[in-house]
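predicted model, plus sequence, below.
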Amino acid sequence: MLKPTVFLLFCVLLVAGCTGVSEEPATAEPAQPVVSARATEPDVPRDNGTAEQSPGREPGSGEARGEADASAVAAAVFLSQLDEGQRAAAVLPYDSDLISNWSNLPAGVLRFERNGVRIGDLDEMQQAALHHFLATAMSPYGYEVVTAVVAAEGVLEESARARRLGWNADNYWLAFFGEPSTTNAWRWQFGGHHLAINMSVRDGRISMSPTFLGIEPARFADAAGTHAPFMDRVDAGLAVINSLDGDIAAAALLDEHPDDLQSGAGPIGFVPFEGASVDSFSPEQQKAVLDAVALWVNLMPVHSAQTRLAEIEAELQYAYFGWHGPTDGTGSIYYVIHGDAVLIEFSTEDPLGAAEGHIHSVYRDPTSEYGVR
């Protein structure tokens with residue numbers, strides 16, 4: 001889904017939204033944070049890059065460390081393509097508070113500037129290096145999902161409102177927090193309308209959180225064919241709810257569809273544990289939940305994702321699954337998977353089967369927000 005010239009340059013390096021303003025992720029704020037299955041949610045921590053690995057979070061294995069090192073090398077290749085001013089904008093201090101400056105909203109309607117360098121301000125060689133970095137720092141599946149979100153924005157930009165407000169697929173930014181390194185901790189952030197990827201690298205281990213994935217239109221066509229990149233997430237949620245029956249199914253059904261995602265960039269501790277306890281699910285039903293979780297976790301490089309999925313699976317009994325909406329693949333749906341080890345929210349802003357569709361989702365790792373407990 002890259003422009004042809006950029007795609008060609010990208011290959012060389014490998015060898016060598018919406019018609020209206022999308023809603024900002026809503027944050028419910030009851031008086032007290034929700035108590036987790038076993039402990040009260042802590043405040044979001046600060047990290048100056050010297051903090052030790054979180055308890056229970058082992059350094060990366062040999063294969064995972066190789067993924068982390070490859071990400072650092074690809075980042076260095078990208079940064080080497082920038083001029084002095086661009087590089088200064090692209091690399092911020094590791095412990096900068098600006099790391100929380102992200103949103104699903106399109107450019108031009110935020111109260112802050114996004115971090116890093118903008119795709120539209122890069123030349124073709126620099127764009128190719130940026131795509132090389134993303135393809136290296138994520139799994140092939142993750143890179144495909146991210147470029148699909150940007151491609152959908154390219155379709156959306158043809159609408160009259162988008163043209164008037166200046167929304168387009170050039171409005172995505174890449175930033176680094178700390179110098180990319182094979183020895184020291186560093187982080188990177190890529191995002192724009194309907195997209196915010198936050199990944200961290202420490203001790204040869206890659207972690208990801210918070211991450212916002214949205215798309216509009218959810219179904220679109222281009223020269224390569226027709227695309228519906230988030231239908232796997234719809235199908236995964238339907239597979240879980242339709243596998244349940246009796247009292248367990250009744251417990252999973254939520255009374256209300258939230259106006260939008262309850263967490264977004266806000267505190268995880270204000271999102272309630274609601275729905276059916278996954279501990280009551282059969283092994284097959286628990287696997288369906290884990291398969292849904294994997295659609296977010298697998299944005300990370302393969303071995304890092306495998307490690308993270310094993311951690312979530314070990315804590316899955318403490319998670320809850322909640323669902324609102326029809327279970328036949330029509331109407332507007334919302335589902336949530338929430339435990340001490342993971343929070344995922346998925347919401348269709350329009351009914352399934354709508355002409356174009358509009359989807360929001362968020363993935364949070366309570367054990368490693370922005371790479372630190």
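Arrived safely, thanks for sending. Numbering: from 1, shown residues only.

how close does the spatially most central residue of the chain sit to residue 342?
Centroid-nearest residue in the chain: residue 211, 2.7 Å away (criterion: CA atoms, centre = their mean). Going from residue 211 to residue 342 by CB to CB, to the nearest Å gives 12 Å. C-beta coordinates here come from the backbone N, C-alpha and C atoms, glycine included.

shared neighbours, the two?
Residues touching both residue 211 and residue 342 (CB atoms under 8 Å, 6 or more residues apart in numbering): 363-364.

quick one on the thing from earlier: pretty sure the residue nearest to the centre of the chain contacts residue 297?
No: with contact defined as CB atoms under 8 Å, residue 211 does not reach residue 297; the gap is 9.8 Å.

between those two, what contacts are shared?
Common contacts of residue 211 and residue 297 (CB under 8 Å, 6+ apart): residue 363.

quick one, domains of the chain?
Domain segmentation of the chain under automatic domain parsing yields 4-226, 228-364.

which one of the ones you listed lies closest to residue 371?
Comparing those by their distance to residue 371 (CB to CB), the top pick is domain 4-226, with 2.4 Å.

determine how far the closest one lies from the middle of the whole chain.
8 Å (CA atoms, centre = their mean, to the nearest Å).

so for stretch 156-168, mean pLDDT?
Mean pLDDT, stretch 156-168: 81.

now that stretch: buried residues?
Residues of stretch 156-168 classed as buried: 156-157, 159, 162, 167-168 (neighbour count, 16 or more other CB atoms under 10 Å).

closest to residue 346 among these?
Of these, the one sitting nearest to residue 346 (CB to CB) turns out to be residue 156, at 20.1 Å.

in contact with residue 87, which residues?
Going by CB under 8 Å, 6+ apart, the list of residues near residue 87 reads residue 79.

give me every residue that touches residue 293.
Neighbouring residues of residue 293 by CB under 8 Å, 6+ apart: 309, 312, 337, 342, 344.

how near is the residue nearest to the centre of the chain to residue 364?
Distance, residue 211 to residue 364, by CB to CB: 8 Å.

before we move on, the earlier item: excluding its backbone neighbours, what's nearest the residue nearest to the centre of the chain?
Counting by CB to CB, 6 or more residues apart in numbering, residue 211 lies nearest to residue 363, which is 4.5 Å off, once chain neighbours are set aside.

swap in residue 326?
Distance criterion CB to CB, 6+ apart; nearest residue to residue 326, sequence neighbours excluded, is residue 333 at 6.9 Å.

how many other residues sit next to that neighbour?
Counted with other CB atoms under 10 Å, the neighbours of residue 333 add up to 22.

again, but for residue 225
Here the number of neighbours of residue 225 (other CB under 10 Å) works out to 6.

again with residue 284
Residues near residue 284, counting by other CB under 10 Å, number 8.

was I right to think it contacts residue 243?
Yes: applying CB under 8 Å, one finds residue 284 in contact with residue 243, separated by 7.0 Å.

show me the strands in this protein, by range?
Applying DSSP state E to the chain gives strands spanning 91-92, 117-118, 172-177, 186-192, 195-202, 205-208, 211-215, 220-222, 225-227, 276-277, 320-324, 334-338, 343-348, 359-364.

quick check: the farthest pair among the buried residues of stretch 156-168?
Maximum pairwise distance in the buried residues of stretch 156-168, criterion CB to CB, is 10.7 Å, between 159 and 168.
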